[in-house]
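Engineer: give me coordinates for this.
(one chain, ligands or ions: 1)
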Amino acid sequence: MVAEIIDGFAIAAELRRDIAARAAEMKEAYGVVPGLAVVLVGDDPASAVYVRNKLKATAECGLRSVEHVLPANTSEADLLDLVGKLNADPSVHGILVQLPLPKQIDADKVLGLIDPDKDVDGFHPVNAGRLSIGLPGFVPCTPRGSQILIDRVLPNLAGKHAVVIGRSNIVGKPMAQLLLQKNATVTIAHSKTADLPGLCRTADVLVAAVGRPLMVKGDWVKPGAVVIDVGINRIEVDGKGKLVGDVDFASVAEVAGHITPVPKGVGPMTIACLMLNTLDSAARRIAAES
Ligand code: GUN
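Structural biologist: Predicted structure coming up:
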């Protein structure tokens, strides 16, 4: 193996410690404890695990969290009503509605009702717009965390080519915006892109966010490239469940300069950035009111 592993687990722990210190200072100076409301609708087991991890991190960082668990048959009107109440609650600085939502609920409608200034997921169209024109706002947690990891190993992206595989609103598009702000030359690739391996071989920074297990192989990667694996896929190996990324770690680590592992790469950074967005939200409110 030639690549150096980017230890997202350790970097996220460092970030959480820094957030905890800043939250303690905020409490001391202003009497404010950043509050995150997490809304879980239904009983999807994966969502329940994600929410539990988010609540645990909130407590570790000295932030306050309130969990709202609603049954799977909750109506859209009831969920919209809850979001409205959380928008109006001054003790809430961040609102996260865990996705996916049950079929009877229009997720765009719910996400669109969240106050953009409490939208710590960064999914509201106003925050997507702010990011695309370079205004301060909330950046979705996974791209924000991925960018922090890239900054650690390649802080100057001027003259570099970044390829983002995946064009989702949650990862691919905001990731491309962040890389562009950092002066990279950015290509967004997707399922209809011609010669994807050839394109990837031109990337100095390669971000894989497609949800296809082990898709990116060693011969897709430029020697020395920084490879960020956003994928979290559960596959069966010898009859046992295993978590793997969108990157075939074994072959890519023979070629890349730096690589994130799965697990313990981007995943912990996503949660740490949710804490960071919640802290930022409280800090912005304090600044606006003083
Ligand atoms: N479901 C899977 N990932 C996420 C996320 O980052 N935010 C929300 N709200 N739901 C998710």
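Engineer: and the residue of the chain found nearest the ligand, what does it touch?
Structural biologist: Going by CB to the nearest ligand atom, the ligand is nearest to Leu99 of the chain, at 3.7 Å. Where C-beta positions appear, they are placed from N, C-alpha and C, glycine not excepted. Leu99 makes contacts with 47, 107, as judged by CB atoms under 8 Å, 6 or more residues apart in numbering.
Engineer: for it, give me phi and psi.
Structural biologist: Backbone torsions for Leu99, taken as degrees, to the nearest 10, come to phi -100, psi 150.
Engineer: and it, how far from Tyr50?
Structural biologist: Note on Leu99: its distance to Tyr50, by CB to CB, to the nearest Å, is 10 Å.
Engineer: how about Gly265?
Structural biologist: Gly265 is 16 Å from Tyr50, by CB to CB.
Engineer: and if you look at Gly8?
Structural biologist: According to CB to CB, Gly8 and Tyr50 sit 16 Å apart.
Engineer: show me how far stretch 224-236 is from its chain's centre.
Structural biologist: 14 Å (CA atoms, centre = their mean, to the nearest Å).
Engineer: wait, stretch 191-201
Structural biologist: That offset, for stretch 191-201, works out to 24 Å (CA atoms, centre = their mean).
Engineer: just stretch 156-170 next, same as before
Structural biologist: 15 Å.
Engineer: same deal with stretch 21-38?
Structural biologist: On CA atoms, centre = their mean, the centre of stretch 21-38 falls 22 Å from the chain's centre.
Engineer: quick one: is that stretch near the ligand?
Structural biologist: No - residues of stretch 21-38 are not located near the ligand by CB under 6 Å from any ligand atom, the shortest gap being 8.6 Å.
Engineer: ok, and what's touching that stretch?
Structural biologist: Here stretch 21-38 has contacts from 51, 54-55, 58, 61-68, 86, 89, 91-96, 98, 120, 274, 278-279, 281-283, 285-286, using CB under 8 Å, 6+ apart.
Engineer: the strands in the chain, which residues?
Structural biologist: For the chain, the strands defined by DSSP state E occupy 4-5, 35-41, 64-70, 94-97, 161-165, 185-189, 205-208, 226-229, 233-237, 240-244, 258-259.
Engineer: lovely, talk soon.
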